[in-house]
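Q: fold the following.
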Amino acid sequence: MLDPTVAFDRLAELVNADAGLVRRGRYLSTSFLVEAGESSWLVTVAEGHITRVERGPFRLRSWTFAIRATGEAWQRFWQPVPEPGWHDVFALAKRGLARIEGELQPLMAHLGYIKDVLAKPRALTASDASAPATRPAAGAAPAGWDRTIGGAVLEPIIGRYVHVAIGTEPHRVYMEEAGQGIPLLCFHTAGSDTRQFRHLMTDGAVTRHYRVIAFDMPGHGKSTPPLAWRDEEYQLTSRRYMDTILAVAAALGLDRPVGLGCSIGGRIVLHLANEHADRFRALIGLESADWQEPWYDTSWLHRGDVHGGEVSAALVSGLVAPTAPDDSRWETLWTYLISGPGVFKGDLYFYRVDSDLRGRLGGIDTKRCPLYLMTGEYDFSCTPEDTLRTAKSIPGARVTVMKGLGHFPMSEDPARFREYLLPVLDEIRGR
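A: Predicted structure coming up:
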């Protein structure tokens, strides 16, 4: 275990030697406090450089914000591959192991930088024996790619727009698809878009038997939001979410597709199983539960003094497993960095306000529509315990806790995720 004194003695050296990290913090100049048990350190930042790390105690408040945790919490946080629940500051805070206080605007405006600074001491505990195993890069071409047209590397994904009516409003919805066979209709996470499923669409083991289809919800990715969004606050409701999915499926003429959704998509899977089971061959909920305890204030996601994309990506970064390949992590977070203003916050209205399913799932018939619930062990938003609790109220629901995965399994570590998904797809196809 790393002694906090050693960690903070080396912090400036570690941070200032990382030009990329310094660049990401170039707009921040402040001092913040980090407490480890009975000891505390004042960290001074000037345009991304750590200029001073001073050990307390401090009689006067000389910091803008403070992050307080036990010495043990920091030691477990600084392990090369931290255990689930100890791998992110917000994971610690949700479990009552850390406390964040003070003037939070500088923290939230530069959250990605601060989180990376706090994690820098992990480099001091890394070794060849404990480092995460190298995984295939996200750019590696799986079986099923077409490499023959004009010498260019072309993916088999086809993108197009479908016009649908959602309620009384016409919408132009962007969709992508690849493969043939049983329709597999995919629902992306809050604030993100269809790109999360590109690895399923380029995996020949999937597309050989499944026509994989994913679409951008209105206002997400390449789907233009309705004009009303200009003058109203966007708030996704469970009814509108279901209507959108059913409208897209009907417009494409899908006959009882398999539905696969993640996060808010995993929650809407439970709604669909509850109310529209006859419309689906099977349903797969990734990071799915009847309810999750909120762990951050959504007001930070859409305000004038904080970049919504920056704070959204920084908040969810801890939901990606620490063993995920760097390029997959970056690609997963990029869709949050470029999310439209207020979109992530509006999606979370559904997640946190309008979709509490506790005590309402006993009528799901898994014999009529099989239900598979799959949750990553590093997900501290929808924890494995949340999913297991939910499954207890649904006779016949199948639960898998996915080792080494977090909240975005299909995009954060596609190679690991397919090891869990392919047996499920084979089972559904064999029914």
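Q: okay, now the domains of this structure?
A: If you go by automatic domain parsing, the domain ranges for the chain are 4-124, 158-430.
Q: what about the shortest one, start to end distance?
A: In this case it means domain 4-124. End-to-end distance of domain 4-124 (C-alpha to C-alpha, to the nearest Å): 11 Å.
Q: and the closest residue to Ile264 other than its chain neighbours, what are its phi and psi?
A: Of all residues not flanking Ile264 in the chain, Ala190 sits nearest, at 4.5 Å (C-beta to C-beta, 6 or more residues apart in numbering). C-betas here are computed from N, CA, C, even on glycine. For Ala190, the backbone dihedrals (degrees, to the nearest 10) come out as phi -60, psi 130.
Q: from Pro106, how far off is Ala190?
A: According to C-beta to C-beta, to the nearest Å, Ala190 and Pro106 sit 25 Å apart.
Q: which residue ranges form the strands in the stretch 201-350 of the chain?
A: 210-215, 258-262, 282-286 (DSSP state E, counting those that start in this stretch).
Q: can you say which of these is nearest to Thr30?
A: Checking those against Thr30 by C-beta to C-beta gives strand 258-262 as the closest, at 35.5 Å.
Q: quick one: that closest one to strand 282-286, angle?
A: Angle, strand 258-262 to strand 282-286, by axes from the mean of the first three to the mean of the last three C-alpha atoms, to 10 degrees: 10 degrees.
Q: may I have the strands that pair with strand 258-262, each with its orientation?
A: In the sheet, strand 258-262 lines up against strand 182-187 (parallel), strand 282-286 (parallel) (DSSP bridges).
Q: give me the distance from that strand to the chain's centre.
A: Taking the mean C-alpha point of strand 258-262 and that of its whole chain, the gap between them comes to 15 Å (C-alpha atoms, centre = their mean, to the nearest Å).
Q: for that strand, give the mean pLDDT please.
A: Mean pLDDT, strand 258-262: 98.
Q: if we can go back for a sec, okay, Ala190 and Pro106: which has more neighbours?
A: Ala190 (26 against 20; other C-beta atoms under 10 Å).
Q: please name the residues that touch the more buried one.
A: Residues counted as contacts of Ala190 (C-beta atoms under 8 Å, 6 or more residues apart in numbering) are 263-264, 344, 347-348, 350-351.
Q: just curious, which of these is nearest to Thr64?
A: Looking across the contacts of Ala190 and measuring by C-beta to C-beta, the closest to Thr64 is Phe344, at 25.2 Å.
Q: with adjacent residues omitted, what lies nearest to that closest one?
A: Here the residue nearest Phe344, using C-beta to C-beta, 6+ apart, is Gly191, at 3.0 Å.
Q: contacts made by stretch 424-431 with the rest, please.
A: 181-182, 184, 206, 209-210, 258, 281-282, 284, 370, 372, 374, 398, 400.
Q: now the longest strand along the chain: buried residues?
A: In the chain, with assignment by DSSP state E, the single longest strand is strand 169-179. Within strand 169-179, the residues scored as buried using 16 or more other C-beta atoms under 10 Å are 171, 173-179.
Q: so what strands line up beside the helix or strand containing Glu54?
A: Secondary structure from DSSP states H and E places Glu54 in strand 49-55. Sheet pairing for strand 49-55, assigned by DSSP bridges, gives strand 39-46 (antiparallel).
Q: let's see the strand it pairs with as CSV, backbone CA atoms only.
A: The C-alpha coordinates for strand 39-46 follow below in CSV (Å, rounded to 0.1, in the frame of the first residue of the first chain):
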residue,chain,number,x,y,z
SER,A,39,-3.2,14.3,7.7
SER,A,40,-3.9,16.9,5.0
TRP,A,41,-2.1,18.5,2.1
LEU,A,42,-2.6,21.8,0.3
VAL,A,43,-2.1,21.4,-3.5
THR,A,44,-1.5,24.6,-5.4
VAL,A,45,-2.1,24.6,-9.2
ALA,A,46,-1.0,27.3,-11.6
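Q: show me which residues of that strand are buried.
A: Buried, per 16+ other C-beta under 10 Å, within strand 39-46: 40-45.
Q: also stretch 408-426?
A: 408-418, 420-421, 424-425.
Q: before we move on, what about stretch 239-249?
A: So for stretch 239-249, counting by 16+ other C-beta under 10 Å, buried means 240-242, 244-249.
Q: stretch 26-33 too?
A: So stretch 26-33, judged by 16+ other C-beta under 10 Å, has buried residues 28, 30-33.
Q: and for stretch 374-387?
A: 374-384, 386-387.
Q: dump those into a markdown table; add pLDDT as well.
A: As requested, the buried residues of stretch 374-387 are exported to a markdown table (pLDDT from 0 to 100):
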| residue | pLDDT |
| --- | --- |
| Met374 | 98 |
| Thr375 | 98 |
| Gly376 | 98 |
| Glu377 | 98 |
| Tyr378 | 98 |
| Asp379 | 98 |
| Phe380 | 98 |
| Ser381 | 97 |
| Cys382 | 98 |
| Thr383 | 98 |
| Pro384 | 98 |
| Asp386 | 98 |
| Thr387 | 98 |
